[in-house]
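K.L.:
let's see this in three dimensions:
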Amino acid sequence: MKSIKNAFYALLLTCCCLTYGQQGCSSILSGTSQDGKITFFKTAFDSAGIVSSAVGEIPWDTPVRLTITSACGDTSAAFFVSPELSGGYDHYVNETAEFNADTRITGFTTVFKDDFSGQTPVVSVAVKTGVGIGRVAIVLATSVPPPPPPLCVDYTFTKCCDMYCVQYKLLGPDCHQCFIVYLQYTDGTDASYPISFQNDDMVQYCSPKEVRQIYSIVGVECNAGFGSQSRKGVGAKFSDKFTISPNPTNGEVRFQGPGIETCRVSVFDVNGRNVIRNVKAFPSVDVQHLTPGIYFYSITDANGHSQRGKMVKE
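P.N.:
This next block holds a predicted model:
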């Protein structure tokens, strides 16, 4: 994906008339789901840029397929000059552009990840008529973006004798008291462990292996004995009681293990948002609606045994 950070679309469209000297064609700019089954918004406008109808709005954290069609019936009458966007705080999905017979772009997919900082997204359109080229602006509505997750935990890396340590500090009284830390060591292995601020606003976790990066720190409810090893201990690898496949995935994931029929699964994004909450693990968990990226799952069996791991959505 590619992130372009501005506040306006630069989206060029040429509406060519079928015969020189006639009025240009009216066009429709649409935003749909990737499979085309759901229409999020549709805006119709003429060659002068006058909007005749506009319904729907841009959703957030959802892949949106942008397409342009023309009333002329000619696939070359309306097209995007480039899928490059100069607006919207969006993330263009690579290799999703479609082309007509003249190799002109007729559609592409993007994901709106952040808000517009109070600015309304505008599509900048170049319209070709029988007498020249004009430039107009098409305003699009957006749904309310989700609030950013609160920053609850800060951390610093230290070394104590032969141990590599991470010191965690709780930043606010309104935050969770218990968290799961997902990380990667310099040897390439992934690990997770609990930390608890029930007794102090600062805790430390040490390991003989050096940490390369911390993926995410996810707030969870505190259970009895939660985080009892969070002061000092060796980072544990994910348990192998349950397995997940396929991973990476672009549709569904399946968990296998003893008693899987009674297990429940929650999924968190890298910002700690609970994007899938306490669903049945069997027979599968649908993640098709998630934005491509790294996620973390927590699976719990009927006896309260909990396993956590990382999954990748393509």
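K.L.:
show me this structure divided up by domain.
P.N.:
Residue ranges for the structural domains of the chain, counted by automatic domain parsing, are given in the record as 2-139, 153-220, 243-313.
K.L.:
which of these has the lowest average pLDDT?
P.N.:
Looking over the domains of the chain, mean pLDDT reaches its minimum on domain 2-139, with a mean of 64.
K.L.:
picking up where we left off before, could I get the domains of the chain as a markdown table with mean neighbour count?
P.N.:
Placement of C-beta: from N, CA and C, glycine included. Output for the domains of the chain, formatted as a markdown table (neighbours: other C-beta atoms under 10 Å):
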| stretch | mean neighbour count |
| --- | --- |
| domain 2-139 | 17 |
| domain 153-220 | 16 |
| domain 243-313 | 16 |
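K.L.:
now do the helices in the stretch 151-300 of the chain.
P.N.:
Listed from the start of the chain, the stretch 151-300 of the chain has no helices (DSSP state H, counting those that start in this stretch) to report.
K.L.:
any chance you could map the strands in it?
P.N.:
Ranges of strands within the stretch 151-300 of the chain are 153-160, 163-170, 178-185, 190-196, 202-207, 211-220, 243-245, 252-256, 264-269, 274-280, 285-286, 293-300, based on DSSP state E, counting those that start in this stretch.
K.L.:
so for Lys37, which of those strands sits nearest?
P.N.:
strand 285-286 (14.9 Å; C-beta to C-beta).
K.L.:
strand partners of the closest one, parallel vs antiparallel please.
P.N.:
On the basis of DSSP bridges, the sheet neighbours of strand 285-286 come out as strand 252-256 (antiparallel).
K.L.:
the inter-axis angle of the partner strand versus strand 264-269?
P.N.:
For the pair strand 252-256 and strand 264-269, the angle between their directions (axes from the mean of the first three to the mean of the last three C-alpha atoms, to 10 degrees) equals 130 degrees.
K.L.:
OK, contacts around the residue nearest to Met202 when sequence neighbours are not counted?
P.N.:
By the measure of C-beta to C-beta, 6 or more residues apart in numbering, the closest residue to Met202 outside its immediate chain neighbours is Lys169, 4.9 Å from it. Neighbouring residues of Lys169 by C-beta atoms under 8 Å, 6 or more residues apart in numbering: 153-155, 201-202.
K.L.:
thinking again about what came up before, redo the strands of the stretch 151-300 of the chain as a markdown table? Include distance to Gly36.
P.N.:
As requested, the strands of the stretch 151-300 of the chain are exported to a markdown table (distance: least, C-beta to C-beta, whole Å):
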| stretch | distance to Gly36 |
| --- | --- |
| strand 153-160 | 41 |
| strand 163-170 | 46 |
| strand 178-185 | 35 |
| strand 190-196 | 36 |
| strand 202-207 | 48 |
| strand 211-220 | 33 |
| strand 243-245 | 29 |
| strand 252-256 | 20 |
| strand 264-269 | 26 |
| strand 274-280 | 24 |
| strand 285-286 | 19 |
| strand 293-300 | 23 |
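K.L.:
between those, which gets nearest to Ser27?
P.N.:
Nearest to Ser27 among these is strand 293-300; the distance by C-beta to C-beta comes to 33.1 Å.
K.L.:
put the alpha carbons of the closest one into PDB.
P.N.:
Written as PDB, here are the backbone C-alpha positions of strand 293-300 (Å, rounded to 0.1, in the frame of the first residue of the first chain):
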ATOM      1  CA  GLY A 293      -2.000  -5.800   7.700                       C
ATOM      2  CA  ILE A 294      -0.800  -7.500  11.000                       C
ATOM      3  CA  TYR A 295      -3.400  -8.500  13.600                       C
ATOM      4  CA  PHE A 296      -3.200 -10.400  16.900                       C
ATOM      5  CA  TYR A 297      -5.700 -13.000  18.100                       C
ATOM      6  CA  SER A 298      -6.600 -14.400  21.500                       C
ATOM      7  CA  ILE A 299      -8.300 -17.800  21.600                       C
ATOM      8  CA  THR A 300      -9.800 -19.100  24.900                       C
END
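K.L.:
would you mind getting the angle between that strand and strand 190-196?
P.N.:
In this structure, strand 293-300 runs at an angle of 60 degrees to strand 190-196, with the same axes, to 10 degrees as the basis.
K.L.:
after strand 293-300 comes which helix or strand?
P.N.:
strand 306-313 (DSSP states H and E).
K.L.:
got the contact list for the residue nearest to Tyr155 when sequence neighbours are not counted?
P.N.:
In space, and not counting its chain neighbours, Tyr155 is closest to Tyr168: 4.9 Å by C-beta to C-beta, 6+ apart. The contact partners of Tyr168, by C-beta under 8 Å, 6+ apart, come to 153-155, 179, 181, 195, 197, 202-205, 217.
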